[in-house]
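>>> Give me coordinates for this.
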Amino acid sequence: MIDWAAARGRAVERIRHFNIVGQPESPVEALSGGNQQRAVLALLPPGLRLLLMEHPTRGLDVESANWIWQQLLARREDGTAIVFISADLDELLERSDRILVFYAGEMMAPVETCNTTVDQLGYLIAGKSAGRDA
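Numbers count the residues shown, from 1 in each chain. Below is the predicted model:
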């Protein structure tokens, strides 16, 4: 049995908590990209140990991207390990502790973000080390 009143109440609460512009009846496909991202976060159960994401903020405005990262960082504080892929090198450096670069099917040594720059990361992605051939 489904308690539709309880389900609607839960949907309304998540819409409010995650600042989603929409109604419980709104199809997710009809929402903006930022609201779709918020809806996905609203569906994630608490207590996850690992969260894998691909381009978590692609196409979002700055305010929405920052809001998404606030939510993700709160989950990290609650013990969730977050692994994400992004083409945005600034985002990788700002939001990561360590970065893994794959080149020619091989994983390179992990990079500590506090010890690297966008330029150094670009060299690694190109298969080079600090401007020299690897």
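
>>> Who are the contact partners of the most centrally placed residue in the chain?
Central residue of the chain (C-alpha atoms, centre = their mean): residue 56, 3.4 Å from the mean position. Residue 56 sits next to 37, 68-69, 72, 84, 86 when contact means C-beta atoms under 8 Å, 6 or more residues apart in numbering. (Glycine included, C-beta is placed from N, CA and C.)

>>> Please indicate which of the residues you listed has the highest neighbour count?
residue 37 (24 neighbours; other C-beta atoms under 10 Å).

>>> residues in contact with that one?
Per C-beta under 8 Å, 6+ apart, neighbours of residue 37: 56-57, 60, 64, 68.

>>> wait, residue 44 sits on residue 53?
No - taking C-beta atoms under 8 Å as the definition, residue 44 is not a contact partner of residue 53, at 10.5 Å.

>>> tell me how far stretch 115-130 is from the chain's mean position?
Chain-centre distance of stretch 115-130: 22 Å, with C-alpha atoms, centre = their mean, to the nearest Å.

>>> before we move on, what SS does the residue nearest to the centre of the chain have?
Three-state call for residue 56 (DSSP: H, G, I helix; E, B strand; the rest coil): coil.

>>> try residue 82
Residue 82 - assigned by three-state DSSP - is strand.

>>> Okay, and the beta partners of it?
residue 51 (DSSP bridges).

>>> Hmm, residue 51 and it touching each other?
Yes - Residue 82 is within contact range of residue 51, at 5.0 Å (criterion: C-beta under 8 Å).

>>> Show the secondary-structure elements that the longest helix along the chain is packed against.
Ranked by residue count and defined by DSSP state H, the top helix of the chain is helix 62-77. Packed against helix 62-77, as judged by 3 or more C-beta pairs under 8 Å, 6 or more residues apart in numbering; DSSP states H and E, are the following elements: helix 33-43, strand 81-85.
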